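> Predicted model follows, preceded by the sequence.
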Amino acid sequence: MAHSMLHDHTGLTRNYNDPFGDGAHDEPFSVASLTHEDSKTFITNTSGVVVRDPTKTSSLGGPTEAEFLAADYRQHNASPSLESPDRLPTPALHDSTSSPKPKDTMMNLPYRDDDSSSTFHHSSVLGKPDTPLIHNAADMGRLSSYQDLEYAEPSGDDPKSMSEKGTPFRGILGTGKYPLEQRIEDKKRGIGRQKHPFVVYALTIAMVGIFINELVVNSRAQGTPPVVNPMLGPSGSALIYLGARFPPCMKAVQNLSSSTLMPCLNDTANPPTSLCTIEDVCGFGGFHGQNPDQWFRFITAIFLHAGFIHIILNMLVQLTVSAQIEREMGSMGFLITYFAAGIFGNVLGGNFSLVGAPSIGASGAIFGTVAVTWVDLFAHWKYHYRPNRKLAWMTVELLLGIALGYVPYVDNFAHLGGLCMGLLVGTTLYPVISPTKRHKLIMWAFRLAAIPLAIVLFVVLIRNFYTSDPYAACSGCRYLSCIPTSSNNHCQGTGFTTTTTGTSI
């Protein structure tokens, strides 16, 4: 409700009439520091803001009505958080000791509009730009240090995040390190526990270097140009000499004693004309008159490759599939899975493959990492994009890998053994996301069953390998890695072909 009052230069009320009849008598509004004419008309409202009558004009050059409003608004709505030591306080409009401000000075007073659609007017009392305020506003919400969101741990002291942190044992199993929602989102985006597959890089560099050494050894033994095998690599004798899995070098094999003749490293004829004993070809210091016992060939065979075709195919898979598995599992879990699968594949092949055929390659270890992708697919089925299509492609890839196991110097039992051990170890060490207690119980049941089963398989097959006739356990298993032809005596016997001058592989 507005009341009209007439004031003279003394500020006293004259001829006051109450048009509303409520008996109210408002005291006149007075601003001592302002000069004004007699009979100026002011209008007040219930909000307490003084406004001049827009219909009246002033003949003096003093501040306008808009300037009075702005000054009063600045006085009552000043924000302490925006003040800095180098800014002067806003003069009070009602301060009787202050002198009248020129028009340009009052318009430069700091002003902040609380309306979200308004902006700050960057000026100060001293006429200096409010640069610090601009910088402070620009820096709001900015982190003080860079953080890679894809691989960094969650920041802050979120109670849920802190409660999810597990012990080192839980860290190896990949359980409870991050909040569940974050782990699910990372799984959908393909983000693992680490950014770079360091073990895969190291293994690849080592295998390429060893393959170069194979070519050098074969070239020195045979001269230039050397005779290569169908995989475009060294001869079978050179591969045996460098550490291929070859049972006659690892144990006493019936009909293949250490004195049995076979092609030497420098032989280039077909049929072979330069023959050496198995003990000479096995190398590593010989047997010293005892039974062969070069057990380490279960391990060294992983690092050897039969030729350019063999190593190119294996390294392509290792740098893609195996590398992604290491990112997701972490280097320690991946290293255990890789060598457990590779060694077990050679143990299985030593039991049921032809004893006279050398076998090499990282295929068994790589198949172990491929098996982990199957664990990932079935454990996280609903988090994968088009899981049915992915399952179909993985099945085709698996069948193709098994078909390559019939290629010379490549053992299908190494593939199948690596796949089997990869499933067991991968189930134990792969970081599976369990959104429910039921899912977690199922995973722990598989883990508790997989660990003893893997140990039992290792023990049983190693014991069976050192028996006199390992084929007796499964006489027909050899056909899983051998296509019957006349060159291998239809997958019977040792795998040697007898010639008029000796035997050949």
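That came in fine, so what should we check first?

> tell me which residues of the helix or strand hosting His439 are tucked away?
Secondary structure assigned from DSSP states H and E places His439 in helix 437-465. Going by neighbour count (16 or more other CB atoms under 10 Å), the buried part of helix 437-465 is 443, 446-447, 450, 454, 457, 461-462, 464-465. All C-beta atoms are positioned from the backbone trio N, CA, C, and that covers glycine.

> Name the SS class of Glu181, please.
Under DSSP: H, G, I helix; E, B strand; the rest coil, Glu181 falls in the helix class.

> Could you tell me the model confidence score at it?
As predicted, Glu181 sits at a pLDDT of 79.

> cool, and His288?
What the model reports as pLDDT for His288 is 87.

> Need the three-state assignment for it.
coil.

> Could you number the chain from 663 rather than 1 from now on?
From this message on, residue numbering opens at 663, which makes the last subject His950.

> Please tell me how far it sits from Ala914.
14 Å (CB to CB, to the nearest Å).

> So the two - more neighbours on which side?
Ala914 (16 against 7; other CB atoms under 10 Å).

> And the more buried one, its phi and psi?
phi -80, psi 120 (degrees, to the nearest 10).

> where's it relative to Asp1131, distance?
Counting by CB to CB - Ala914 and Asp1131 are separated by 12 Å.

> Would you check that Phe908 makes contact with Ile1022?
No: judged on CB atoms under 8 Å, Phe908 makes no contact with Ile1022 at a distance of 9.3 Å.

> pLDDT below threshold where in the stretch 663-812 of the chain?
Residues of the stretch 663-812 of the chain that meet the criterion pLDDT under 70 lie in 663-725, 738-812.

> quick one, what contacts the residue nearest to Ser1021 when sequence neighbours are not counted?
By the measure of CB to CB, 6 or more residues apart in numbering, the closest residue to Ser1021 outside its immediate chain neighbours is Asp1073, 3.9 Å from it. Applying CB atoms under 8 Å, 6 or more residues apart in numbering to Asp1073 gives the contacts 907, 1007-1008, 1011, 1015, 1021, 1023, 1025-1026, 1067, 1143.

> quick one, phi psi at Asp1073?
Note on Asp1073: its backbone torsions stand at phi -110, psi 120 [degrees, to the nearest 10].

> Kindly state the pLDDT recorded for it?
Reported pLDDT for Asp1073: 90.

> same question, the one 4 residues further on
Confidence at His1077, expressed as pLDDT, is 95.

> isn't it right next to Ala1065, touching?
No: shown here, His1077 and Ala1065 do not form a contact pair, counting by CB under 8 Å, at 9.8 Å.

> Tell me who's in contact with Asp929.
884, 897, 899, 935-937.

> just the buried members of those residues?
Taking 16+ other CB under 10 Å as the criterion, what is buried in those is 884, 897, 899, 937.

> and of those residues, the nearest to Phe1040?
Ser897 (42.9 Å; CB to CB).

> Go ahead and confirm the closest one touches Leu927.
Yes: Ser897 is in contact with Leu927 according to CB under 8 Å; the separation is 7.0 Å.

> which neighbours do those two share?
By CB under 8 Å, 6+ apart, the residues touching both Ser897 and Leu927 are 880, 884.

> returning to what we had before: got the buried ones among the contacts of Asp929 as JSON lines, with pLDDT and distance to Leu975 columns?
Listed next are the buried ones among the contacts of Asp929 as JSON lines, based on pLDDT from 0 to 100; distance: CB to CB, whole Å:
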{"residue": "Gln884", "pLDDT": "88", "distance to Leu975": "25"}
{"residue": "Ser897", "pLDDT": "91", "distance to Leu975": "20"}
{"residue": "Ser899", "pLDDT": "93", "distance to Leu975": "23"}
{"residue": "Leu937", "pLDDT": "93", "distance to Leu975": "33"}
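
> Would you point out the most distant pair within those?
Counting by CB to CB, the most remote pair of those is Gln884 and Leu937, 15.0 Å apart.

> so Phe1120 sits right up against Phe1006, yeah?
Yes: between Phe1120 and Phe1006 a contact is recorded at 6.4 Å, counting by CB under 8 Å.

> Let's see the pLDDT reported for Tyr1128.
Here, the pLDDT recorded for Tyr1128 equals 90.

> Let's see the pLDDT reported for Ser1149.
What the model reports as pLDDT for Ser1149 is 72.

> Tell me the spacing between it and His1077.
Counting by CB to CB - Ser1149 and His1077 are separated by 22 Å.

> Then Leu966?
Distance from Leu966 to His1077, by CB to CB: 16 Å.

> So which of the contacts of Asp929 are in helices?
Among the contacts of Asp929, the residues falling in helices (DSSP state H) are 884, 899.

> any idea where the strands of this protein begin and end?
Counting by DSSP state E, the segments of the chain that form strands are 665-669, 702-706, 712-714, 923-925, 937-939, 1159-1161, 1164-1166.

> what's near enough to touch Gln849?
Just to correct that, residue 849 is Lys rather than Gln. 1042, 1045, 1095.

> These in helices, which ones?
Using DSSP H to define helices, no part of these is located there.

> Ranking by neighbours, what's the top pick from those residues?
In terms of neighbours by other CB under 10 Å, the contacts of Lys849 top out with Ile1095 at 19 neighbours.

> Run a quick check on that residue versus Glu843, I expect a contact.
No: taking CB under 8 Å as the definition, Ile1095 is not a contact partner of Glu843, at 10.3 Å.

> ok, His1046 - contacts?
Here His1046 is in contact with 1039, 1052 (CB under 8 Å, 6+ apart).

> Please report how far it lies from Met1105.
17 Å.

> just Gly895 next, same as before
42 Å.

> Helices of the stretch 863-1012 of the chain, start to end?
898-904, 940-944, 959-962, 970-979, 985-991, 993-1014 (DSSP state H, counting those that start in this stretch).

> So which bits of stretch 1075-1089 are buried?
Residues 1075-1089 are the ones in stretch 1075-1089 that count as buried (16+ other CB under 10 Å).

> My error: substitute stretch 849-857 in the last question.
The neighbour-count check on stretch 849-857 (16+ other CB under 10 Å) flags 849, 853-855 as buried.

> got it, and stretch 928-941?
928-930, 934, 937-938, 940-941.

> cool, and stretch 858-865?
859, 861-862, 865.

> quick revisit: got the helices of the stretch 863-1012 of the chain as JSON lines, with distance to Leu923 columns?
Shown next, in JSON lines, are the helices of the stretch 863-1012 of the chain (distance: least, CB to CB, whole Å):
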{"stretch": "helix 898-904", "distance to Leu923": "11"}
{"stretch": "helix 940-944", "distance to Leu923": "8"}
{"stretch": "helix 959-962", "distance to Leu923": "21"}
{"stretch": "helix 970-979", "distance to Leu923": "27"}
{"stretch": "helix 985-991", "distance to Leu923": "44"}
{"stretch": "helix 993-1014", "distance to Leu923": "22"}
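
> Just give me the neighbour total for Ile961.
Neighbour tally, Ile961, other CB under 10 Å: 14.

> I'd say Leu894 and His967 touch.
No: using CB under 8 Å, Leu894 makes no contact with His967, being 10.4 Å away.

> The two: which has the busier surroundings?
Using other CB under 10 Å as the criterion, Leu894 and His967 rank with His967 on top: 29 against 13.

> Now do the more buried one, the pLDDT please.
96.

> how about it, what does it touch?
869, 872-873, 876, 893, 895, 973, 976, 1022-1024.

> how about these in CSV, adding distance to Leu918, pLDDT and neighbour count?
Output for those, formatted as CSV (distance: CB to CB, whole Å; pLDDT from 0 to 100; neighbours: other CB atoms under 10 Å):
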residue, distance to Leu918, pLDDT, neighbour count
Met869, 29, 98, 20
Ile872, 26, 97, 16
Phe873, 27, 96, 21
Glu876, 24, 95, 25
Met893, 24, 88, 20
Gly895, 24, 91, 25
Ile973, 28, 96, 24
Asn976, 28, 96, 20
Ile1022, 18, 94, 31
Gly1023, 22, 94, 31
Ala1024, 26, 96, 30
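
> Noted, bye for now.
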